[in-house]
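Engineer: Need a 3D model of the sequence below.
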Amino acid sequence: MKKYADYFTKKCANAFGKRLISIINHGSVIDGGIGNPQDIDLVVILSDKTYLISDMQTINKIVSPISDLLDVQIFYLEEIPQNADLFSQNTNGCFFAWHLRSSCILYGDNILDLIYGPSPYQLKLSLMQKIRQYSHQIRKDIIAGKEIKTQKDFHNLIKVLIKIIKDILMINNILVKNPYLLLDKFSNKYDNLLDNKESQFLFNALSGDYDISENRDDIYKMIHQIAEKLYQLALQIAKKELKFKPIRLN
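Structural biologist: Below you'll find the predicted structure:
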């Protein structure tokens with residue numbers, strides 16, 4: 001994967017010259033993913049919007065030969081707020097600024113170091129919103145009758161569980177990216193949440209020691225069961241940290 005990231009960085013440096021401020025590599029390639037990382041997540045930061053359409057077309061041409069391997073987002077300096085509370089990227093809220101600060105810099109400096117925040121409340125709120133999104137996606141898949149047909153399908157669902165666990169720890173100001181260390185930290189902090197069978201399922205899934213050729217319905221039930229336990233934990237945290245109160249019927 002490194003050669004593709006190097007290829008992209010070199011091409012962008014030649015194409016954008018002094019307008020190129022930073023290229024940030026984040027995601028499973030540098031964090032330690034589940035199975036083989038499928039693509040490289042990159043953020044390109046340019047100095048100005050003078051050539052907005054042309055910039056996107058340029059990146060498209062660079063990415064085109066290896067488009068299946070690169071996931072690229074573009075930012076301009078004028079779009080990056082000084083206050084991280086106002087930062088977002090796609091469906092990611094202000095917590096993503098925190099995430100990018102600790103990512104790998106392929107070119108230039110990490111411009112995200114210049115912004116302050118996010119505030120504790122907004123950080124936790126954005127993480128809670130992301131946990132809700134992941135949890136409801138798993139519910140939606142089950143309602144739609146989505147099946148686990150391949151090892152890739154299985155890994156993608158496990159990734160969702162790992163992301164929920166990661167976000168719950170981030171709410172507690174614990175930032176761990178490696179999924180194996182993540183499970184250890186989570187087990188130490190919430191040792192009674194998951195039973196032995198559920199914990200072993202996650203560790204086996206990470207290590208690749210899980211055969212999905214049989215009992216796929218049981219696997220989906222296990223994933224949903226873990227997801228719901230994590231979601232309920234997140235709601236309990238939200239009640240305490242964010243003053244979350246569910247609506248009640250009179």
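
Engineer: domain parsing for the protein?
Structural biologist: 2-114, 120-241 (automatic domain parsing).

Engineer: Quick one: those as TSV, columns for distance to Leu249 too.
Structural biologist: All C-beta spots, glycine's among them, are computed from the backbone N, C-alpha and C. Compiled in TSV, the domains of the chain are given as follows (distance: least, Cβ to Cβ, whole Å):
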stretch	distance to Leu249
domain 2-114	30
domain 120-241	18
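
Engineer: Including mean neighbour count, could the ones you listed go into JSON lines?
Structural biologist: As requested, these are arranged in JSON lines below (neighbours: other Cβ atoms under 10 Å):
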{"stretch": "domain 2-114", "mean neighbour count": "16"}
{"stretch": "domain 120-241", "mean neighbour count": "16"}
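
Engineer: now those domains as TSV including mean pLDDT?
Structural biologist: Formatted as TSV, these follow (pLDDT from 0 to 100):
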stretch	mean pLDDT
domain 2-114	90
domain 120-241	91
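
Engineer: How about the contacts made by the closest residue to Ile66 other than its chain neighbours?
Structural biologist: Spatial nearest neighbour of Ile66, chain neighbours left out: Tyr4 (5.5 Å); criterion: Cβ to Cβ, 6 or more residues apart in numbering. Neighbouring residues of Tyr4 by Cβ atoms under 8 Å, 6 or more residues apart in numbering: 40, 66, 69-70.

Engineer: Ala205 is in contact with Ile158, isn't it?
Structural biologist: Yes - in this structure, Ala205 is within contact of Ile158 by Cβ atoms under 8 Å, at 4.6 Å.

Engineer: any idea which element the residue nearest to Ile66 lies in?
Structural biologist: Counting by DSSP states H and E, the element that carries Tyr4 is helix 2-16.
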